[in-house]
Structure formats: structure tokens, C-alpha cells
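S.K.: no sequence on hand, only this structure:
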């Protein structure tokens, strides 16, 4: 197609256009080029070298992937392909330069990798050509070098003129293919072949005809060549011989013929040779004789024998019969012919005329079929049958099968009337109407889909529904819902369903559907990876149909979710995993496809990100109740408690949380970022995608001022002491001076641009989001030098002057804890590393292993920011991570034991400071990334142990090991009086500093329920001495509430200065942005120390 002119130009350049050459042309299409390039740069080229135009509607492409013998879905081709032209199929996501060469863009036909076979079929499932070997997985690809089938372009050699019609044979690409470099597209669009010349084959065709009543009758035998005769022509001998017919003179049926040197002239392809048959009036059986070709010159023999059949036409009479036709489906509309056969028992020399008349049995003329009334028909002379067509009228009515009768009559004296009546049966092919709630069923999968496999796209039975209202329309389908008046009153079945149409939803007349249309739908029930849907193909027929029955209908009422439901005294969706809204199906299956309403709901975690087009700002996690999805007290949902930690309970996993795909039904919301904490109201439908239930809004209103990624802590009063904490996430220099990588990768370890970027972002976070606290405790800092660089960066960026403090610890990655101290407001700063050499009996290592990888760091200092000295002390912690804490194996036991012993150690340090006379009256603050929640996780309540609120009954190291059972002796806490956790007194919606996606597995109706959850890992504790002075605590938001895309493009690893312009290398230079500085949000504790004595003008003074 696109390449036809290119082929013609190539032929002209070679002087071959219009030339006559003796090459043997291909007899069918072949695959002529294969592109398996980078990413989605994939294409297939098909070549027509047959010498004639080919109708592509009989051809299709199918794939056999990864050695499978099961073929993928067929991609049917269409149009006409001229001789010498090619048809190019290109992946829809390929580079533009490749898509510009396409005759068809299709991802199914080109969804192959180097180890997948590509097959070209034609009508009847006949294999025309194969690229690769079906049933064999070569690994990455077949072949090697330039003709390796992965990451290469392969072009069919010009000498290959026939396809590989055995897809199971071994495949060696170099035999028939030339290879080219990755992403070579220059050959696409044209192909030519020069096949070896072939000697033509000589064949003769049978002849069968009536003898006639008298005189000679010529039987013309056609002798043909498979190709035009070469120079000098083709010669052969021709001879007849008896079979049942007898030649003259001994017989009287035909004249024998013997010819030698019969010639087909050069350039001609056939010749006729006559044999004379003698006509007679004898009623006899048909007779035969043989024609044989021999002694060819310039050709080879093909079918060298033919039979001449002398048909008897001398019967005195024959019987006329009518035969009932095959039963026929009526169709949905129009008319279809049902053909009755009327036949003679023998051919006659004259035409036989007869009439046909229909009559009702159970079918009704004019309604079910078109009546015949003495309609005239004729069987031609020498013929033995003719069809009598009756037009069957199609309809969409579900009814019983029906029948009618055809009666024939004749006045011909040459025939005897035999069977004169036959019945035609009209099969009802209209599906019965099925309500949506019956298609949905009361299970995860539709009862109309025999195999329930949530991990696949499974097609089911054809279904038909009517008078359901279109409630929402998307780019590739729509949802419809049963009016409430027809509700089955079963709370476990949904009244709504998604109808997949592949493109913009249209009725059978090609008109776009509208919300409020009542429709009749015929399609195929399917479970698309657990989304129950009806699939209606774009080509409409009796099995695929959408008819609009009425328009402007009132939409079914919405189901109220969350706050909207709570206002009515309902709890939908349920927050109780033991009493879910849809029972054992979970919270959402019984609402799938139905309209729901949410008022003042909340985005609990911002947009996810996927690699496909339009997926940079993908689904968000939402709470219909307007609450943030938070980690709650107890063991992870699905965990089994033991008597040792039964009191901890089990966190419910927040079953009310679901995803929202804002642009599924509202294309204008594509690439819309919704930050964590965004509040909205919406109406939409419940869907299912990528293993999770989703809310697809059809209308969405975001509360103004809530869609904010960056939310700094409140500005402190002038005289307030502010103590901050921030995990700076692998804040490392570029010197590769740690035992193992400090940065995330070896490449990043020595990347000076990464250091510059991190310095700028962390500076921006401390200054703009934490508002430059007087003290900043930092975690994950490599060394003092990089911390000093940060202090200098903050000054350069307009922030206060900080003194950096850090003492090297024991972490193999080199990360430590440290401080930045504002020298203008803090004096007498002394920093002491605690418990750096403390050991423990590591069950998987040394009995004297170091306990603290990052030992606690104590700061003791004096605040002078309000004019009166105020002594205080801070412990900065970064305890062991939670990784493996709930795993029941030796590694899990080790993790739990180490976390417990670290917490015991820190608790003893805290208690020592609370009881030592020198420090007992000094306000104490404990800050840092504790890798633990503000309550127990059922294993080790690290924060509770440090705070003095630990409960043996809520924690365990089970199964116990030789190190510890994670219980305090006698159940008595080490720290007394207990510390206050500032997290417990702030707004519950703000109790998070980190987000983590918990994957609970196949529960609550999801194939793999994964819930993004906000949680506190970064804590600020204070003792009773500090308590009177603490006025508040706040987390600074810039990281946790950001979308995955914003974080990605702002963080150094995948930074994009066009999408997130920042720093001096941006064009033009821009200030650094805080988002992407870490995967944590930091916090600030606000402390209001006593004010200095106030002296009044009258000489009196007030005492503090």
C-alpha cells in the first residue's frame, strides 16, 4: 500500500518495470519484514508478489508467545493489497517515525518479543507463513548476530518466494532473512523478489456434457500450462482410449483421436483439442473415455489424464421432488434466504417449469417470512435441480422456533411429481433478556463466565439486556444501571455493569450514546481481570448490538458512600473487616458498575505513577469518609496473634479505602495531580482495574485550597524554641568513603551533581517547610563534612547560621545521626554519642555484635532566643527498620530481638537522664526516625518502650529465641514518669510522616489488595519537665503528600528540570524545591520557655 510507488520506482531504476521475465511468482502472501526494536518499536510487513490484487479480509495475524502452542487473539486484516505492494502493521505506541510508515496501527499483532512466533493465516485457518517456531521457547530470541530476532530488524531475502507453512519446524532466521541494526526502518514500505525460473507444467481438464440426439458433438479438451510457453513453444502427444464408451469403428460412441506434436505457441498458456462424440436417442447409462498426454517438449507433465463423460439425455420421463432445507436462524433484521431444492431424477433435453406456494404452520407469512403464491420456477434443459428461495424476515423478538410449508406443482408432461411438499424451520436466534443483577451474580465473577480467573481476561456467554439507563460514558465504554423499580432486592448483587465498546460508545446506527439513554445491549459477558463487563464489538450484528430505546431518562439514585452515607445513619463502605458491605465479597463488588456519591471525601495518598502514556498521574487512594488512611494499632491485617501478643489486636487494614481513577470517565482530568489531603465531592461509578476496586467519577469538585503538596509548619513565635527532626534520606558526599554505598547506587555514590541537588533540596525543606528550627536533628547523614556543607548551603540560600554536629557511628552504609544548631539562638551546645559500643548476642552472627548501627546522639544546650537562658537536652535516634518484623523465621526473630534490645537500651539512657541529679530537671526531648509506630505493631512497641508505656501483653518475639522474649522483667517499664508522644496530641488527620503500600494478598474481593497507608515513623517525645513548655508539634508537608510523578521529577535520581525547574542549572535558574528531598516528612516541636522578668514603669516587677 504505502510502498507501491516505492516498488514501482525501484523497478524502473533497475529497468525492470513492465518487463516480461520467466520467474515463478509467489502463489500467496509472505511476511517480508520484521522489526523488534527498542521499547514498542515493533512492526510486521506483508508482501504480495502473486501477480494479482489480494483481498486482505480473508487474512489475519496471530501470535504464539513464550513457546506456547495456544495462539493469541486474531487480528483480522482488511482492504485490498495490490500485486508488488506491501502492508505494514506497526505498534500503536511505536516512535512516530515508525508509525508514519503504517497501513495499520495495532498493538495485538505487534505485541511480540524476540521469542514469540508471528503467524499469517487466511480463511479456514490455513497457515500462509510463519516467523518463529510454535511450541518452542528459544529464550530471548532465535538465531544469533545480525539475524537474532530480539532488538533487530530482519528482512526476507529476495530469493524467498513462498512462506513457511509448517510453524512447528525448527526456525533458523539466517536461512531466509537478512539482519539489520536495532530500529532500522528504512526498508519498510517496499519489497521485491526474483524467484528462480520454472519449467511450466502441462495439464488437461475433464469434460462432461450431453451427447445430443444425433450427429457429431464436439467435446473440447483444454490443455493448459502452469506458465506461458517458453521460446519455441511446447509440444505434446494426445491420444484417446475407451473406458465404458466405445470408439468407432467397433463402437458407436465417439471417434478416436491420436495426435502427435500438438503445439502450444510461445507465450500462450493453453490450447483446445476436440474429440467428436456421436449423438443418439438411446436411453442408456453415462459413458466415459480417457484422454492421455505424453512426450512433452518444453514442459513437464502435470495432470496428464482427463476423463470425457458422455452424459445420457434420452430418458423418457423423470421425477420432480422438493427437499426440505437446513434449519436457518432468522437474524436480527432484514431478510435471509432459506433455499429449498427442487430436483429431477434425471436431466431432460427440455426445460421443466413448476410453481411454488408457501403456507403457514407455526410461522406467519408477512411477519416471519415472505410468502410465495404460485411463484414460477424452471429447471433448465440438461440440468437436474434449482433452488427455491424463501425470504426469512429477521427480528429481535425472543420466541419459539417456527415452521412453514412449500408446495410445488407442475403441468409438464415430461415429469412425474414425486415429493411435492417440504417444511422450512426458522430457528429463533434471539437471546432472552437478562437483568444486570443476574449477569453480575452474587459472586466475584459472573455466572455467565464459566471459568473464574481473576488473573486473566476470560470471555463468557452471550447476554442480552434491555431498558437499562446509561449512567456514565468513557472513552472505550459506558456504564448502565437497572432502574430501581426492577431491583432484585439482593444486597449482594449489583444493578450496574460496564459495557466495553473499544471506542467511543455508539448505537448500531453509529450515533454517540448519551447519559440518560435507555438501551438494549447484546454482547458477550466477560471477566476482564475480575471486572465484570459486557463486550460489544465495533462490527455490529446479531451478537453485538446497542439500540437506544428511549432518551432523557432519569438516572437511578446513587448509593451514598462515606460521609454521604453517615449522614443517613449508614456505614457504606464498612470499616469492619468482619462485617463488610458485600459480605464475603468485600466492600465494593456488590456496587460494581453502580452510581455512588461521596461528600467531602479525601485523597489519602496522592497519584500513583505508571510508565504508559497518560499514566504519569494515575490513580489516587481515597477515603469516602474524608479521613486519611492511617496505620492503626495492632498486628498487620491477616496476621495470626499468639497468646503472648493477643492484647495488641489486629489492625483492620482500612477496608473502606479504595482507588480513584479521576480521568477514566472525565478525559479532561488526564494528568491531574491530586495531593494527599485533597478534599472533594463526587458522583461516579464503582469499577475494577489492575487488581483493585476503583471509583470512576463522572463529576468531581475539589475543595478549593486543599490540593496542596507543600504545607509548611506554622510560623513560631519570636520567643519560641523550635526543635525539628528530618530523615534526609541517604544524605551522602561524593567520595565513596563508606564500607558500602551510602547513596542508593554505585553511580550515585560519586555523583557531584547529586550532592549539589540534595544540598539544595534539603536546604529548601529545612528553611521553607520546617521554617528553620533552632535545632534540627537529622538522620541518614553520612558524615560531618556533608552536614557542614548543608549548613553553608542554608546560609547561602538566606537561612540562619547553623553549627553542624555529627559523630560517626557503626552503620555499614555510613549513615549517621547529627544536628544543625542555630548559633544565634542556641549556646553551650555539647553533643555526646551514647551506647556506641553496646553489644548483643546476634543469633545469626557474633555473640558480641554491635547493638546500635546508628548510636543515639545527645545534644545538651541552652536556648537564649527569648532573652532568658533555657537549658534543654535532645536525644536523636534512628533505630533499626521494620523490615521482616512480622516474618516467622530466624531472620524475623533476629529483627524483633534487635529492635527490642535497642529500645531497652535507649529507654535506660532516657531514664538515666531523668534520674541523674544533673539532668533530672532539664527538659528532655527524644526525636528521630524510630522506624516504629506510636503504638504497638503486635511485635515490639519500640516507641512505647522508649516512652515508658510498653505492655508485655501486646508484644512478642514469638517464636521465642535465646536472645529475648521481648518482655520487660515483671512487666515494669524502664522509663518513669512516662514521656509524652507529641503525635498523640495533634490532629489525627496529621499523624503520619511516611507512606507505605501494604499488600494484603487476595482478600476482600481484590486479587491482591494493596493499600497505600500513611504512618508515623518519625516521633517527638518529651518528659514531664518539658511538658509545661510544649505548645505544639507539626509535620512539614512536602514529600509524603506529593504524587509519585512530582516526587520522581523533582528528586535527583529521575529529575526533569522542565517539569520541575529548580537550581542554578535550570533555564532560567530557579530556587530549589523541597519536594523530593526525602521519602519522609519531618516535624517541629514548639516550646515556649519562661519569659525573662518584666519591669514596669512604676517600679514594680512581676515574678515568673
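M.R.: All right, it came through fine. Computed from a predicted structure; not experimentally measured.

S.K.: residue 775 contacts residue 722, correct?
M.R.: Yes: here residue 775 lies in contact with residue 722, judged by Cβ atoms under 8 Å, at a distance of 7.5 Å. C-beta: built from backbone N, CA, C; applies to glycine.

S.K.: and the two? Which one has more around it.
M.R.: residue 775 (29 against 23; other Cβ atoms under 10 Å).

S.K.: count the residues that sit near the nearest residue to residue 493 once chain neighbours are set aside.
M.R.: Excluding its sequence neighbours, the residue lying closest to residue 493 (Cβ to Cβ, 6 or more residues apart in numbering) is residue 437, at 4.0 Å. Neighbour count for residue 437, taken as other Cβ under 10 Å: 21.

S.K.: how about residue 813?
M.R.: Around residue 813 there are 17 residues (other Cβ under 10 Å).

S.K.: if we can go back for a sec, report the separation between the residue nearest to residue 493 and residue 592.
M.R.: The gap separating residue 437 from residue 592 is 11 Å, by Cβ to Cβ, to the nearest Å.

S.K.: give me the common contacts of those two.
M.R.: Common contact partners of residue 437 and residue 592 (Cβ atoms under 8 Å, 6 or more residues apart in numbering): residue 494.

S.K.: now for the helix or strand hosting residue 725, which elements pack on it?
M.R.: Here residue 725, judged by DSSP states H and E, is contained in strand 721-731. On a contact count with 3 or more Cβ pairs under 8 Å, 6 or more residues apart in numbering; DSSP states H and E, strand 721-731 meets helix 752-764, strand 775-781, helix 784-796, strand 870-878, strand 924-929, strand 1018-1022, strand 1083-1087.

S.K.: please work out which of the ones you listed is packed deepest.
M.R.: Highest mean neighbour count among those (mean count of other Cβ atoms under 10 Å): strand 775-781, with a mean of 29.

S.K.: which residues touch that strand?
M.R.: Contacts of strand 775-781 (Cβ under 8 Å, 6+ apart): 721-731, 766, 770, 787, 802, 806, 815-822, 826, 854, 857, 859, 861, 874, 876, 878, 927-929, 1082.

S.K.: identify the contacts common to residue 775 and residue 722.
M.R.: What both residue 775 and residue 722 touch, as defined by Cβ under 8 Å, 6+ apart, is an empty set.

S.K.: if we can go back for a sec, tell me the secondary structure for the residue nearest to residue 493?
M.R.: Three-state assignment for residue 437 (DSSP: H, G, I helix; E, B strand; the rest coil): helix.

S.K.: state the distance from it to residue 215.
M.R.: Counting by Cβ to Cβ, the gap from residue 437 to residue 215 is 80 Å.

S.K.: what's the single longest helix in the chain?
M.R.: helix 890-915 (DSSP state H).

S.K.: may I see the buried residues of it?
M.R.: Buried residues in helix 890-915, defined by neighbour count with 16 or more other Cβ atoms under 10 Å: 892-911, 913-914.

S.K.: try stretch 312-324
M.R.: For stretch 312-324, by 16+ other Cβ under 10 Å, it's 312, 313, 314, 318, 320, 321, 322, 324.

S.K.: widest-spaced pair of the residues you listed?
M.R.: 314 and 324 (30.9 Å; Cβ to Cβ).

S.K.: which SSE is residue 598 in?
M.R.: Here residue 598, judged by DSSP H and E, is contained in strand 595-605.

S.K.: can you check what angle separates the longest helix of the chain from strand 870-878?
M.R.: 170 degrees (axes from the mean of the first three to the mean of the last three Cα atoms, to 10 degrees).

S.K.: from here on, count from 25
M.R.: Sounds good: first residue 25 from here, last item helix 914-939.

S.K.: which residue is the nearest non-sequential neighbour of residue 407?
M.R.: Nearest one to residue 407, counting by Cβ to Cβ, 6+ apart, is residue 371 at 6.2 Å.

S.K.: any weak-confidence spans in the stretch 75-224 of the chain?
M.R.: Along the stretch 75-224 of the chain, segments meeting pLDDT under 70 span 220-222.

S.K.: now the strands: where do they sit in it?
M.R.: 78-79, 83-88, 99-100, 104-105, 110-114, 128-129, 141-146, 150-155, 176-180, 201-204 (DSSP state E, counting those that start in this stretch).

S.K.: need the winner for burial among those strands.
M.R.: Mean neighbour count (mean count of other Cβ under 10 Å) peaks for strand 110-114 among these, with a mean of 26.
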